[in-house]
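>>> Build me a model from this:
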Amino acid sequence: MARWLASMTLVGFGLLGSTLVYAQNTPTNAPVTVTGCLSQGAAANQYMLRETSGKTYELSSSTVDLKPHIGHEVTVTGTGAASPSQQSSTAGAKGTESLQVSDLKMVSTSCKK
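Next comes the predicted model:
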């Protein structure tokens, strides 16, 4: 009986651990708000936002015109952050997240250096 109980406890912890790993690697659709310097990305409709910490975000939007704010410090709100495994493989240790921007507020007409 004790052996069976020990086995079931180990199985339970194994299932719990695999659930936590899955949850960490699942993209979230929770709103994310970040502030940084907006720049043009590699493609015409692609924009990058770099926080003062060095973390970068790849931005896109079908509702917000980002182009007039290139070179400005802005605060954007969006959804669709990349999973931690995607972050490390696409942009090294700092990570890059992709955000679908739903709101933009200009902080300054120039970026902090």
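
>>> In terms of helices and strands, where is R3?
Using DSSP states H and E, R3 maps to helix 2-24.

>>> Would you tell me what the next helix or strand after that helix is?
Per DSSP H and E, the first helix or strand lying C-terminal to helix 2-24 is strand 32-40.

>>> Partner strands of that next one and their direction?
Strand pairing for strand 32-40, using DSSP bridges, gives strand 47-50 (antiparallel), strand 73-79 (antiparallel).

>>> buried sites along the shortest one?
Yep, that's strand 47-50 we're talking about. Burial within strand 47-50, assessed by neighbour count using 16 or more other C-beta atoms under 10 Å, is assigned to 47-50. (Each C-beta comes from the backbone N, C-alpha and C, glycine too.)

>>> Name the nearest of these relative to S60.
Checking the buried residues of strand 47-50 against S60 with C-beta to C-beta, the nearest one is Y47 at 7.2 Å.

>>> ok, now which ones touch the closest one?
For Y47, the contacting residues are 38-41, 58-60, 66-67, 70, by C-beta atoms under 8 Å, 6 or more residues apart in numbering.

>>> for G80, same thing?
By C-beta under 8 Å, 6+ apart, the residues touching G80 are 27, 29, 98-100.

>>> how about JSON lines for those, with pLDDT and distance to S110 added?
Listed next are the contacts of G80 as JSON lines, based on pLDDT from 0 to 100; distance: C-beta to C-beta, whole Å:
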{"residue": "P27", "pLDDT": "56", "distance to S110": "33"}
{"residue": "N29", "pLDDT": "80", "distance to S110": "32"}
{"residue": "S98", "pLDDT": "91", "distance to S110": "26"}
{"residue": "L99", "pLDDT": "92", "distance to S110": "22"}
{"residue": "Q100", "pLDDT": "93", "distance to S110": "26"}
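
>>> Who wins on neighbours among the residues you listed?
Ranked by the number of neighbours (other C-beta atoms under 10 Å), the contacts of G80 place L99 first, at 23 neighbours.
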